[in-house]
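K.L.:
Sharing a sequence plus its predicted fold:
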Amino acid sequence: MAIHQIDPGLVPFQILDPEGNLVGEMPALSPERLLYFYRMMRLARAFSDRIIAMQRQGRATTFGSLTGQEAATVGLAAPLQPQDWLATSYREIASLIVKGVPLSTLVYSFRGYTPPNWPAETRCLPYQIVIGTQIPHAVGLAMAAKIVGDPVVAVGVCGDGATSEGDFNEALNFAGVFRAPAVIIVQNNGWAISVPRHRQSAAPTLAARGIGFGVPAALVDGNDILAVYETVRQAVERARAGDGPTLIELLTYRLGSHTTADDASRYRDPVEVEAWRARDPIARLQKFLRRRDLLSEEQDEEIGAAVQAEIDAAVREAEAMPPMAPDSFFAYVSATLPPRLQEQRAELLRFVSPSPSQPQPGERR
Amino acid sequence: MAIHQIDPGLVPFQILDPEGNLVGEMPALSPERLLYFYRMMRLARAFSDRIIAMQRQGRATTFGSLTGQEAATVGLAAPLQPQDWLATSYREIASLIVKGVPLSTLVYSFRGYTPPNWPAETRCLPYQIVIGTQIPHAVGLAMAAKIVGDPVVAVGVCGDGATSEGDFNEALNFAGVFRAPAVIIVQNNGWAISVPRHRQSAAPTLAARGIGFGVPAALVDGNDILAVYETVRQAVERARAGDGPTLIELLTYRLGSHTTADDASRYRDPVEVEAWRARDPIARLQKFLRRRDLLSEEQDEEIGAAVQAEIDAAVREAEAMPPMAPDSFFAYVSATLPPRLQEQRAELLRFVSPSPSQPQPGERR
Amino acid sequence: MALRSMTMIEALNDALALELERDERVVLLGQDIGLNGGVFRVTDQLQRRFGERRVFDTPLAESAIIGTSVGMAVYGLRPIAEIQFAGFLFLCMSQLVTQAARMRFRSGGAFSCPLVVRSPYGGGVRTPELHSDSLEGVFLQTPGLKVVIPSNPYDAKGLLAAAVADPDPVLFLENIKLYRSFRQETPEEYYTVPLGKAKTVQAGEDVSVFSYGAMVPVALEAAQQAQQELGISVEVIDLRTVWPLDEEAIVSSVEKTGRAVVVHEAPRAGGIGAEVTALINEHCLYSLLKPVARVTGYDTPYPVPGVEDYYLPTPAKVLAALRQVMEP
Amino acid sequence: MALRSMTMIEALNDALALELERDERVVLLGQDIGLNGGVFRVTDQLQRRFGERRVFDTPLAESAIIGTSVGMAVYGLRPIAEIQFAGFLFLCMSQLVTQAARMRFRSGGAFSCPLVVRSPYGGGVRTPELHSDSLEGVFLQTPGLKVVIPSNPYDAKGLLAAAVADPDPVLFLENIKLYRSFRQETPEEYYTVPLGKAKTVQAGEDVSVFSYGAMVPVALEAAQQAQQELGISVEVIDLRTVWPLDEEAIVSSVEKTGRAVVVHEAPRAGGIGAEVTALINEHCLYSLLKPVARVTGYDTPYPVPGVEDYYLPTPAKVLAALRQVMEP
Ligand SMILES: Cc1ncc(C[n+]2csc(CCOP(=O)(O)OP(=O)(O)O)c2C)c(N)n1
Ligand SMILES: Cc1ncc(C[n+]2csc(CCOP(=O)(O)OP(=O)(O)O)c2C)c(N)n1
Ligand SMILES: [Mg+2]
Ligand SMILES: [Mg+2]
């Protein structure tokens, strides 16, 4: 692990190789914890598949596949404490689940609604759509924790494409200058929609970005959940101990299309996809657990069924939640609604039938 | 010279030491050319002093001192060909002079007017006020040259503070990705108004920023005009040869206050200023030339007088130029003035006396 | 002219292809516009046909897309930059407003910036946050930048050609809902539709409706209902260029009808409707029989997909406004 | 209350010091606000008094200043961020418009963003490019963000206190020309002046003039001349909060006078004047005797120092507008 060095080098940190062999030092993790990781990864994949299916049925809006990035997104959230903050993009839904956001809240949001009960106490910001924008938020949260003197860490996560945005770089610089207790994680999944990583930056690695901002960085095999977990754990500890920020690049791969509105076959070589399918992060942990006799075939099936049941329940719950009221978008513009907006709301309500027909979220893009 | 390496290291490239001793390989420069450098540095300093004096007399608007940065700003422009582009901030006025912008045009602009005859053929963009903003322009100019296939290089120059802006970093990334024939130069003068360099970024050098964008970089003693000249020359050649962009950090110092509106004594230790005064870039070249018998005391005085005469003439010329017409700001909004703006111009002209009293540019900030 | 039935997407694609053919200086840049052909396929096949040198993907950085385009335009190219969704124009406001739009002004005419920025916008199609926002109102305070919004394939093609021909920067906003909603017979040849000129889509006598983009069909539908239900004759005017406005068209219509409704998706405050109302107040007050009605998005952020239909102007809302301004 | 004669700079400095004293959660950040006390000295001595932990300089990056402030505000702090000149707000539009102003909205009320963004603006003082631009008009289309512009030291102090107390983001624009142009007896204690409320600076019967910031003294001077030269009684209203507007104050004044002039430095198109005119049209058309006159900056970029005086509204221009709206 190379966090303390300034140059992350070119060789990704690995604990499990693609075959599930231990090639590094095993972190102190109980069998229960390892099974929890595995279960959350299975949940992440099943959840993603379910929302995509719902989208096809017109029951959900645009959704970005999580498949292939389960080790990265589960592993990065696992070391966080309840008091730590997490600011992510749409691609880290599994991280939000691990941090405690209820599945039903997320399903409701993918129905095209604003959840009425976003769990502020989980300290997760709503997932971000504007690329790179959450990284300054994470750094600001970390700066605040330091100002107040709280032992709180803030984690900001974004994609490889996001590293090209001004906001990402400005925030990385702030993190360095203020020695903020922040961990900035780049989920490098190889693609930003149709733009491959090598067209996103001429740098050999994205972790190398840390050097020019004085922020220690690590390059990690993002499909190895043990390496992800261990690196983020160390970075979070460093931050909590007052040793400042860390930049982490997780090398992973987006196995699906960018979103339900995208068709990756237009721009991506299937050979590349197959090569990465062979590095499937779930299979990797599965092989390791099997080999160590921590997961029987039976248990494995049980987990699969339990995960489906959990998702079923969440979908039922979210679909039983009433749609947002027609005038609901006036509710949270500001703490109190100015007279002008009260009038506009009244104006709208004249056009809304008393029992509004539920809008169809079947999306076009 | 370390341009071809990705890590610029921590030791600035030097050819002349502060005492004017040759400590590196002498570039192929004729005595005339060396004297030209010296003359331009003297001109830069005298010009800066003159505009500051004019500002105090209410004859010029806000002006940022050039003093201490003459080696950097003259040296960076000297290797450029007429067909090369230059995009600078307000701090590189000497670079514009070297590239061919007439003194009188600049004086007129510091009177608070838009020069009616900005010399487009010099391929200098008007100096930029919005920090960092000219760097994407320079990279765009370079991308265009490459697209068209012209052997043209574009140079973008900004301050140390500018490296914190998103635009600087986005542009550096574009330069790397498109292998643009661009040279991006940071004049690190130690301060961004009152913010010292070490509060601007936690990175050991600003040149190190290149690493994370895959752009080769060089760290240069910016008070050594030979080192500046030689490094920029190599970078320009690299770019012209199709070998892509270079980032160059010039270590120099702003000996004066930020601008005529600033008082550096509020935030800066005089000891630091004195230390840098001992590294005066003009004195350094002067010592070198004297030692080599390339500059007699007499010649030196002649140069001083000639420079003053040149400035006198430019100021006379600029002050003889008519003030901008009251409605002149309608002239260049767009190629043709829409009817609405024609009406607004007529509206204004009803309030302008036939022979307008010349506005007083004596500035407040 | 040879006509072909085209969607707006096809008309725009055709316009871009013609520009690339006609003028070596034209280059296209943006996110995913190359092999992928743009997330809406407006640039489909263009990289294949014209090569990576002239049609290229950029890194994910809106400010650098516009900032480097400014440099390319000054160099002498004719960049057509795509910002993937108009909501992300907020990320390049400085380059667009303080640089592109002021290049001619700042340089005293020494340099110009003939840049076209294309960007999809508009609601009703269940997109995520900030993919539906209408930003034209924000650019009313941006002298030097023209803002064009076509409502149909014919205009889209001709206005885009005019935007590229314009010597100054043009923001070209394309309504997502209109992209594929209908086809229109459109010339295959090159032609331009002049910037700065509104079009009377339907002549009428009793009331003027001003709109643009996807609100033009909404206005037309309301106009038909008003004809049937209220027996009134509605003049529907498509502004097409929302900045600078075709003041003559606005004034002469309201002088004839004495009543006016403005319809747009963007928020009401300080939007195109505010400026149109102010212009009518300035120039037609004595002909004006009723207050100008603004049927617009509300002064809230653009809502999530589940309730966006309530936010948008509808024929029913426009009809109610027509009823209101027709009250004696 | 103990009164002290203060310039606007001193009143603002005083307000900030009181906030830092009153509430541990208040922090100040921005470029050069620490040891240097801000380029105009609004934060003079505050770092010395309250320490670097609570009053600190940032790197030169507007978007990160606002973006990290959003994070700090969500955390529970009360950041007061300075953008050194309002023209540079263009560099942080996305963080301000799509993030700070929408935090409450996006999170369904789970999070809020009590952030104050202070920024100097305004012309007539010979500053370089983009240091004089008035940007308030750009933010009319930004629901969730309040925009406040004081015209005198008393209001400046009280409005800034109210802005900090507001649970949502407030853009607080400080006119550079007013910073030191006059002193006013101002309470030394803490007090607030409510947001969203205009103030009648001078009551009158014949015509209403709406303005804010440095245009309030200009309007007053014109009003006096109009009284002397035309014998008319002018009501001068200082809007103080330009978004949301105090519609009641605007409407009731125009209903009384039947005539109106709006005065601001920002460009005319889509500015505050457009919205005020549209509101008057909507609510007071039948009381309105003459078209509302807009005396504003022209629809050009803000000019260079040498000609900026021609750009700005002057008492003479306002007087001419008063003459025009008073024509029978
Ligand atoms: C500022 C901004 N620009 C463009 C988009 C459109 N867009 C959505 S996702 C995406 C690609 C993001 O790539 P990356 O950062 O690698 O994240 P990934 O989707 O691969 O997780 C783009 C361009 C956006 N949402 N925000
Ligand atoms: C975007 C932007 N933010 C703030 C300012 C105000 N300002 C003018 S110069 C300056 C400091 C610039 O520092 P640096 O980049 O190091 O250049 P230097 O003046 O030292 O040459 C600042 C903050 C500005 N002009 N533009
Ligand atoms: Mg990616
Ligand atoms: Mg500097």
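P.N.:
Arrived safely, thanks for sending. Ligands and ions are numbered 1, 2, ... in the order given.
K.L.:
Residues of chain A that sit close to ligand 1?
P.N.:
For chain A, the residues in contact with ligand 1 (Cβ under 6 Å from any ligand atom) are A:64, A:91, A:129-131, A:158-162, A:189, A:191-193, A:254, A:258. No exception for glycine: its C-beta is placed from N, CA and C like everyone else's.
K.L.:
so the residue in the stretch 1-150 of chain A that ligand 2 sits nearest to, which of the three states?
P.N.:
For the stretch 1-150 of chain A, the nearest residue to ligand 2 under the criterion Cβ to the nearest ligand atom is residue A:136, separated by 16.0 Å. Reducing the assignment to helix, strand or coil with DSSP: H, G, I helix; E, B strand; the rest coil, the entry for residue A:136 is helix.
K.L.:
What of the one 3 residues further on?
P.N.:
Under three-state DSSP, the three-state class of residue A:139 is helix.
K.L.:
number of nearby residues for it?
P.N.:
When neighbours are defined as other Cβ atoms under 10 Å in any protein chain shown, residue A:139 has 32 of them.
K.L.:
what number of residues lie near the residue of the stretch 1-150 of chain A closest to ligand 2?
P.N.:
Residues contacting residue A:136 under the criterion other Cβ under 10 Å number 32.
K.L.:
Equivalent analysis for residue A:35, please.
P.N.:
Applying other Cβ under 10 Å, we find 17 residues neighbouring residue A:35.
K.L.:
which residues sit in contact with it?
P.N.:
Applying Cβ atoms under 8 Å, 6 or more residues apart in numbering or on different chains to residue A:35 gives the contacts A:289, A:294, A:295, A:299, A:303.
K.L.:
What helix or strand is it located in?
P.N.:
Assignment of secondary structure by DSSP states H and E places residue A:35 within helix A:31-56.
K.L.:
circling back: and the contacts of residue A:35, which are buried?
P.N.:
By neighbour count, with 16 or more other Cβ atoms under 10 Å in any protein chain shown, the contacts of residue A:35 hold A:289, A:295, A:303 as buried.
K.L.:
for the record, mean pLDDT for the helix or strand hosting the first one?
P.N.:
So the one you mean is residue A:289. Assessed by DSSP H and E, residue A:289 sits inside helix A:281-291. Over the span of helix A:281-291, the pLDDT mean works out to 98.
K.L.:
Following the chain onward from it, which element is next?
P.N.:
Sequence-wise, the next helix or strand downstream of helix A:281-291 (DSSP H and E) is helix A:297-320.
K.L.:
Flag every buried residue along stretch C:319-328.
P.N.:
Along stretch C:319-328, these residues count as buried under the neighbour rule (16+ other Cβ under 10 Å): C:319, C:320, C:321, C:322, C:325, C:326.
K.L.:
Closest one of those to chain B?
P.N.:
Within the buried residues of stretch C:319-328, distances to chain B taken as Cβ to the nearest Cβ reach their minimum at residue C:325, with 25.3 Å.
K.L.:
got the contact list for the helix or strand where that closest one lies?
P.N.:
Using DSSP H and E, residue C:325 sits within helix C:315-326. The set of residues external to helix C:315-326 that reach it, using Cβ under 8 Å, 6+ apart, is A:350-351, C:206-207, C:209, C:218-219, C:221-223, C:225-226, C:229-230, C:232, C:234, C:259-261, C:263, C:289-293, C:295.
K.L.:
for the residue nearest to the spatial centre of chain C, what are its contacts?
P.N.:
Computing the C-alpha centroid of chain C and ranking residues by Cα atoms, centre = their mean puts residue C:149 first, at 1.4 Å. Residues counted as contacts of residue C:149 (Cβ under 8 Å, 6+ apart) are C:136, C:172, C:173, C:174, C:175, C:212, C:213, C:239, C:240, C:241, C:242.
K.L.:
now do 10 Å
P.N.:
Taking Cβ atoms under 10 Å, 6 or more residues apart in numbering or on different chains as the definition of contact, the neighbours of residue C:149 are C:121-122, C:134, C:136, C:155-156, C:159, C:171-175, C:178, C:211-216, C:238-243, C:264, C:272.
K.L.:
what pLDDT does it get?
P.N.:
With respect to pLDDT, residue C:149 has a value of 98.
K.L.:
Over to the one 5 residues further on?
P.N.:
According to the per-residue confidence, residue C:154 scores 98 in pLDDT.
K.L.:
tell me which element it falls in.
P.N.:
Assigned by DSSP H and E, residue C:154 falls in helix C:153-165.
K.L.:
Also residue A:185?
P.N.:
strand A:182-188.
K.L.:
Could you do residue A:273 as well?
P.N.:
Here residue A:273, judged by DSSP H and E, is contained in helix A:270-277.
K.L.:
what does residue C:255 give?
P.N.:
With DSSP H and E as criterion, residue C:255 is part of helix C:247-257.
K.L.:
So which elements touch the next helix or strand after that helix?
P.N.:
Per DSSP H and E, helix C:247-257 leads on to strand C:260-267 as the next helix or strand towards the C-terminus. For strand C:260-267, the elements it packs on are strand C:207-211, helix C:215-230, strand C:234-238, helix C:247-257, helix C:272-284, strand C:293-297, helix C:308-311, helix C:315-326, judged by 3 or more Cβ pairs under 10 Å, 6 or more residues apart in numbering or on different chains; DSSP states H and E.
K.L.:
Next, the angle from strand C:260-267 to helix C:315-326.
P.N.:
Angular relation of strand C:260-267 and helix C:315-326 on a 0 to 180 degree scale: 140 degrees, by axes from the mean of the first three to the mean of the last three Cα atoms, to 10 degrees.
K.L.:
can you pull the buried residues of strand C:260-267?
P.N.:
C:260, C:261, C:262, C:263, C:264, C:265, C:266, C:267.
K.L.:
How about stretch C:287-297?
P.N.:
Residues of stretch C:287-297 classed as buried by neighbour count (16+ other Cβ under 10 Å): C:288, C:289, C:290, C:291, C:292, C:293, C:294, C:295, C:296, C:297.
K.L.:
nearest to residue B:125, of those?
P.N.:
residue C:297 (38.6 Å; Cβ to Cβ).
K.L.:
so what's that closest one up against?
P.N.:
Taking Cβ under 10 Å, 6+ apart as the criterion, residue C:297 is in contact with A:344, C:123, C:132-134, C:137, C:264-268, C:271, C:273, C:303, C:308, C:311-313, D:141, D:143.
K.L.:
Equivalent analysis for residue C:313, please.
P.N.:
When contacts are counted by Cβ under 10 Å, 6+ apart, residue C:313 is found next to C:123, C:211, C:214-215, C:218-219, C:222, C:261-265, C:294-297, C:321.
K.L.:
still on that earlier bit, of all the contacts of residue A:35, which two lie farthest apart?
P.N.:
In terms of Cβ to Cβ, the contacts of residue A:35 reach their longest pairwise distance at A:294 and A:303, which sit 12.0 Å apart.
K.L.:
quick one: common contacting residues for those two?
P.N.:
With contacts defined as Cβ under 10 Å, 6+ apart, the residues adjacent to both residue A:294 and residue A:303 are A:35, A:38.
K.L.:
CSV for the buried residues of strand C:260-267, including pLDDT and distance to residue B:177?
P.N.:
Formatted as CSV, the buried residues of strand C:260-267 follow (pLDDT from 0 to 100; distance: Cβ to Cβ, whole Å):
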residue, pLDDT, distance to residue B:177
C:260, 98, 50
C:261, 98, 49
C:262, 98, 44
C:263, 98, 43
C:264, 98, 38
C:265, 98, 35
C:266, 98, 34
C:267, 98, 37
